[in-house]
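A.B. asks: Predicted model and sequence below, questions to follow.
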Amino acid sequence: MVLEVLNLVAGYWKIPVVEDISIRVDKGEIVALLGPNGSGKSTILKSIMGFAKVFKGRIIYNGLDVTGVPANRLVRMGIGYVPQVSNIFGSLTVKENLEIGAYLRKEKVEDDVEEVLEFFPELKGMLRRRADSLSGGERQLLALARALMGKPRLLLLDEPTASLSPKTALNVFSKIVEIRDEGIPILMAEQNVLKTLEVSDKAYILVSGKCIASGSSEEILKDEDLGKLYLGLK
Amino acid sequence: MPDPLMYALDAVAYAGIFGMLSLSLNLEYGYTNLANFGKVAFFMVGAYVAAVMARMKYPFAVYALVASLVAGFIGLLTSLPALRLREDFLAITMIALGEVMKLIVKNEEWLAGGVWGLSGIPPAVVVQGLSFRERLLVQIALIYGCLVACYVVCELIAKSPYGRVLKTIREDELLAAAYGKNVFRYKACTFALGSAVSGLAGALFAQYIGTVSPYMFEPTVTFSVWMMVILGGPANNTGAVLGAFLVEGFHRSSRLLKDYIGLPLDPINLQVMLTALLVITVVFYRPQGMLKERITPLDRGLLKKLKPMYRRVKTWVRS
Amino acid sequence: MGSILNTDNLVKRFGGLTAVDKVTLNVEEESIVGLIGPNGSGKTTLFNVLTGVYRPDAGKIFFRRERIDGLQPHQVYIKGLVRTFQTPKIIQKMTVLDNVMLAVRNPGESLLAALFRRRRWMGFENRLRERALEILRFLGLDKHAYTPASELSGGQMKLLEIARALISEPKMMLLDEPTAGVNPVLAYTIFDRVEELRKRFGITFFIIEHRIELLMKYVDKVYVMHQGKLIAEGGPNDVMNNPDVVKVYLGSV
Amino acid sequence: MALIIYFFLFSPYRWWMVINWLQVLMNSLVWGCMYLLATVGLSLTYGLSRFPNFAHAEYITFGAYMAYMFFSILGLDLYLSVGLAVLSSALLGGLSYILLFKPLKSRGASLIHLMVASIGLGLLIRHTLMQVFGGGILSFKMIWSCIFIGPVVTTPLLLTAIVTAFIVAILLHILLMKTKLGKAIRATADNPELAAASGIDMDRVSLFTWLLGAALAGFSGVFLAMRSSLVPLLGWKVLLQAFAITLLGGIGSFYGTLAASFILSLSENLGVVALTWLGLSADYRSAVAFIVLVSTLIVKPEGLISTVKRRA
């Protein structure tokens, strides 16, 4: 078991957004957090990273209680995080974005850049461009690549395919599967339910901050009224 | 050894003048969150306009009015470019304005006497045959008359729907705009009013001291006024005046400390250093100031009348 | 009953991103209309364009047959179109009552009136206060009328937002996620109140809501937004059985 | 229009011929270098910590006084004195960040409170210096021989200043663009949350930036004081220019600051020419900075090079 979230109550300022959520991520798994927007998916990821307020509950990573540990130390412990918006450094070049991803490692990162570029050939020709000149899909790939540069042992992805065209989204999904196959477990919030269930191993369905269904992706996918379940209509 | 009573009265007069500056900054910063770091510029404009006009033998009422109008107008004009932007831009613009205004009075000898300043400004009220002390008392009466007027104006504003709009703008500009308030106009209006009050304080200052020179209007003056508001309590007019008294008392006592205890420090340096330390301490440990902002409905008197009415309505609804 | 708000090919771009893409919609008078769509589909941006926070790059907005595009937010408000915000915008350092009362344009809001003609606005203020108390009672907040707004709970803050929007006697209200961060019981209360307001005062509602299960019980019509475009409209059942909508929410395989 | 051009070029009073334009250019270059050193730290800390540090002026003054102390009072070697002065300035900047601004930020102090605290700190430093060294005018008893390059007069000090500024600019370029630390500084200024999520320790990066910024400010102070004299208002007198440059260049942008420094110094020197022509006092040169400041706010509030993220 890599990550375990126990009875989490989290939110912003005074308002809890998610209530009593428990999540488990095991080795080599893609675990999906699904639910309409406002259901608290992002909040869960942010509270793991320490960007949202944890009112109750515990977060355990590799057997250590990491509740309230600042983000830069979590990164040092091997957690990679890709936020949904502003997930790149717009005023830096693509190459610099990648180098910042490997900030914590002392050794030369040139080889890693090459390696990650093998993984994301789309980024190859644009290393010297300012990152805010990239298109939406390229930004998302860059964000993923940046997180991978840190050689994470757990990756948290917040809606990696939001506002991407279907084709680009498919590309991102296939990258995510490849990352999993490299042995990095992934906890991702997603809105593309069907596609996500197809690639994920386990899923939690959240509605209005509560978990209304969980289980292996196959089981959930089999549910005939998936749409209604997902929107909380069932 | 100076006359201690005179010294005390002088301090009281100063506190009155600075009380007005403090009230005006409270209006801008405390209620509207406008960072006017150029308070001294408007104070100086008021003082110089008053000095020039008083030497031309205009009566006090006229030159005080003109001084406030000119200061208010300059305030309005220079704040416009920065008002739509973030508060730090206004702060920088205003601090720069203070320096530029000083540059003008230093260099325009024909108008403002250059580095030597203007002297021989007659006091506003001249009564024949008064002793020095009595004349000082007349001055204090005049200054406190103006202070009370300013206080009343500020309180009326704070306890009116206008003040409620200012507070709304301070907390959330977008909210104010979404509920029909022309944020820009309110800010500009408040800034102009605050500057005008500073101009009036400047006019009082000029006729009280009898001479003006560029060296009286250093940025430390602005800082003292900020100190008064922050120490007294932003968005609390009583606090602002209290702050003025406290800071003035603090300044005087640090000077006395030098005179009577004989510290080997320059009094001005000591005063500024202690003030700076105090302000940092207050910002650190009590940013809400001595007197907190009161969270009450607009008009207490009105409320008292209203509560029984509210109760009556309640029983009526229940029956 | 005619239409109260309609837009014609409304466009708003941010750099290369088209946040609102040729939106043409029509809200009937005295109806409750929902606006749903996945995150980042441009719903809140649409609200911001409608209320003048952003200037549209193209297209027209008509409110009661009057052009309102290009107006400043405070001018839009004066026309009778009022909005609430996703995260409640509550002035912490005011009482609950003042938080409500600030919404109304008041003769005492001019500097001169505040100083010299106090009689004139005080009467208005008193009447306004009574109305505010009435509205607070309607929403169950009257007990807290004189407490600082910072002492309210998250759900109560949402109600306070609605109270504030109500007192301005709008013709139409735009509610941005009125039930986000609110417990289910209170969420139903909020929607019950909305329904009641529509009946009693004839206010039109346009509501962004994520709790689709809740929204569907109350609305007359739903618009579905996706990547800045309106992809479906119609009654709740039609929309929820529309394959395009399901596809938007569940994604494609 | 044609008349004006005709008058400008062929009028018998060709006043502009009398002016040594090369000298004006030279002065602009010198001042641009001084401004660059004085401003770059202000701009970087402003971009990173998101508030204008008014005490930056006092880092300049402090550096100058420290150099004076080491060189003229303690009689140390010139280069050593300057080095020590720069170090002590850096120390002052670092301490003010650790002891004042960082705890204030973590307490959630408002922007205005931060600005007030920085003004307070500035006054504290300035008056402490005045207490120790007196409020009068001091000077580094050094005599600079004049060097004539064609029609241009200069001194070895000014040439050194130019060379130093260019070296510093190149080093800064290398630091910010090529090293890991520099990239971390830019990343943190760009997007603090993502920087933290990349493992960057924001406190360390900020501390380094404050040290660096104050060190450069102190360096510029040494040159400013050696050029003319040492007064307690040394730094305050260039603060207006520093802010004009920061806003014109774009807050937190190194290249913007670089360009804006020379733009401002050129416009100031041209302004002085215009002022003498109009018969006004040359003291008004700092009004040029004010005009630049205000017009930046009106025309392009984000500055020449915006590091602030654009939406989406």
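C.D. replies: Sure, I can see it. Numbers count the residues shown, from 1 in each chain, chains lettered A, B, ... in the order given.
A.B. asks: alpha carbons only for contacts and neighbour counts from here, please
C.D. replies: OK.
A.B. asks: ranges for the strands of the chain?
C.D. replies: All of this is about chain A. Taking DSSP state E to define them, one finds strands in chain A at A:3-12, A:15-25, A:30-34, A:53-61, A:64-65, A:79-82, A:154-158, A:186-190, A:202-207, A:210-216.
A.B. asks: please go with chain D instead
C.D. replies: Ranges of strands in chain D, per DSSP E, are D:147-149, D:152-154.
A.B. asks: What lies in contact with the last one?
C.D. replies: It refers to strand D:152-154. If you take C-alpha atoms under 8 Å, 6 or more residues apart in numbering or on different chains as the criterion, strand D:152-154 is touched by D:22-23, D:26, D:146-148.
A.B. asks: Just put the residues you listed in a markdown table and tack on pLDDT.
C.D. replies: Below are the contacts of strand D:152-154 laid out as a markdown table (pLDDT from 0 to 100):
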| residue | pLDDT |
| --- | --- |
| D:L22 | 85 |
| D:Q23 | 86 |
| D:M26 | 90 |
| D:C146 | 83 |
| D:I147 | 82 |
| D:F148 | 84 |
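A.B. asks: Could you dump the strands of chain D into a markdown table and include distance to C:A149?
C.D. replies: Formatted as a markdown table, those follow (distance: least, C-alpha to C-alpha, whole Å):
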| stretch | distance to C:A149 |
| --- | --- |
| strand D:147-149 | 71 |
| strand D:152-154 | 66 |
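A.B. asks: Need the winner for burial among those.
C.D. replies: Mean neighbour count (mean count of other C-alpha atoms under 10 Å in any protein chain shown) peaks for strand D:152-154 among the strands of chain D, with a mean of 16.
A.B. asks: The helix or strand where B:M44 lies and chain D, any residue contact?
C.D. replies: Assigned by DSSP states H and E, B:M44 falls within helix B:39-55. No: Helix B:39-55 is not in contact with chain D by C-alpha under 8 Å from any C-alpha of the partner chain; minimum separation 13.3 Å.
A.B. asks: next SSE after that helix?
C.D. replies: helix B:60-83.
A.B. asks: Could you tell me the angle between the next helix or strand after that next one and helix B:60-83?
C.D. replies: From helix B:60-83 onward toward the C-terminus, using DSSP H and E, the following helix or strand is helix B:87-107. Helix B:87-107 runs at 130 degrees relative to helix B:60-83, counting by axes from the mean of the first three to the mean of the last three C-alpha atoms, to 10 degrees.
A.B. asks: So the nearest residue to B:S195 once chain neighbours are set aside versus chain D, what's the distance?
C.D. replies: Leaving aside its sequence neighbours, B:S195 sits nearest to B:G72 (C-alpha to C-alpha, 6 or more residues apart in numbering or on different chains; 4.7 Å). According to C-alpha to the nearest C-alpha, to the nearest Å, B:G72 and chain D sit 19 Å apart.
A.B. asks: residues near B:G72, how many?
C.D. replies: Neighbour count for B:G72, taken as other C-alpha atoms under 10 Å in any protein chain shown: 26.
A.B. asks: pretty sure it is touching B:C189, no?
C.D. replies: No: contact criterion C-alpha atoms under 8 Å: B:G72 and B:C189 do not qualify, at 9.3 Å.
A.B. asks: what's near enough to touch A:A145?
C.D. replies: By C-alpha under 8 Å, 6+ apart, the neighbours of A:A145 are A:98, A:116, A:120.
A.B. asks: In helices, which of those appear?
C.D. replies: Assigned to helices by DSSP state H, the following of the contacts of A:A145 qualify: A:98, A:116.
A.B. asks: Closest one of the contacts of A:A145 to chain B?
C.D. replies: Minimum distance to chain B across the contacts of A:A145 is 32.7 Å, recorded for A:L98 (C-alpha to the nearest C-alpha).
A.B. asks: And for that closest one, the neighbour number?
C.D. replies: Other residues within reach of A:L98, judged by other C-alpha under 10 Å, total 29.
A.B. asks: Then the one 4 residues further on?
C.D. replies: Residues near A:A102, counting by other C-alpha under 10 Å, number 26.
A.B. asks: what does the stretch 1-150 of chain D have sitting close to chain B?
C.D. replies: Proximity of the stretch 1-150 of chain D to chain B, by C-alpha under 8 Å from any C-alpha, involves residues D:51-52, D:104, D:111-113, D:115-117, D:119-121, D:123-124, D:127-128, D:130-131.
A.B. asks: Just these: which are in helices?
C.D. replies: Cross-referencing those against helices under DSSP H gives D:104, D:111-113, D:115-117, D:119-121, D:123-124, D:127-128, D:130-131.
A.B. asks: elements contacting the longest helix along chain D?
C.D. replies: For chain D, the helix with the greatest residue count under DSSP H is helix D:21-49. Helix D:21-49 is packed against strand D:152-154, helix D:156-178, helix D:180-190, helix D:202-227, helix D:236-249, helix D:254-278, with contacts defined by 3 or more C-alpha pairs under 8 Å, 6 or more residues apart in numbering or on different chains; DSSP states H and E.
A.B. asks: which one of those lies closest to B:I143?
C.D. replies: With C-alpha to C-alpha as the measure, helix D:236-249 is the member of the helices and strands packed on helix D:21-49 nearest B:I143 (33.2 Å).
A.B. asks: And the closest one, what does it pack against?
C.D. replies: helix D:21-49, helix D:56-68, helix D:254-278, helix D:285-299.
A.B. asks: Now do the first one against helix D:156-178, angle only.
C.D. replies: Same thing as helix D:21-49. When the same axes, to 10 degrees is applied, the directions of helix D:21-49 and helix D:156-178 differ by 40 degrees.
A.B. asks: and helix D:21-49, which residues are buried?
C.D. replies: Neighbour-count burial for helix D:21-49 flags D:23-49 (criterion: 16 or more other C-alpha atoms under 10 Å in any protein chain shown).
A.B. asks: Rebuild the helices and strands packed on helix D:21-49 as a markdown table, extending it with mean pLDDT.
C.D. replies: Output for the helices and strands packed on helix D:21-49, formatted as a markdown table (pLDDT from 0 to 100):
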| stretch | mean pLDDT |
| --- | --- |
| strand D:152-154 | 82 |
| helix D:156-178 | 92 |
| helix D:180-190 | 91 |
| helix D:202-227 | 93 |
| helix D:236-249 | 93 |
| helix D:254-278 | 90 |
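A.B. asks: pLDDT weak spots in chain B?
C.D. replies: Residues of chain B that meet the criterion pLDDT under 70 lie in B:1-2, B:258-259, B:261-263, B:296-314, B:316-319.
A.B. asks: Chain B contacts on the stretch 151-300 of chain D?
C.D. replies: Listed as neighbours of chain B in the stretch 151-300 of chain D under the rule C-alpha under 8 Å from any C-alpha: D:240, D:243, D:281, D:283-284, D:286-287, D:290, D:293-294, D:297-298.
A.B. asks: Can you check which helix is longest in the chain?
C.D. replies: The chain I'm using is chain A. helix A:166-181.
A.B. asks: you looked at the wrong chain, it should be chain C
C.D. replies: Longest helix of chain C, by residue count under DSSP H: helix C:118-138.
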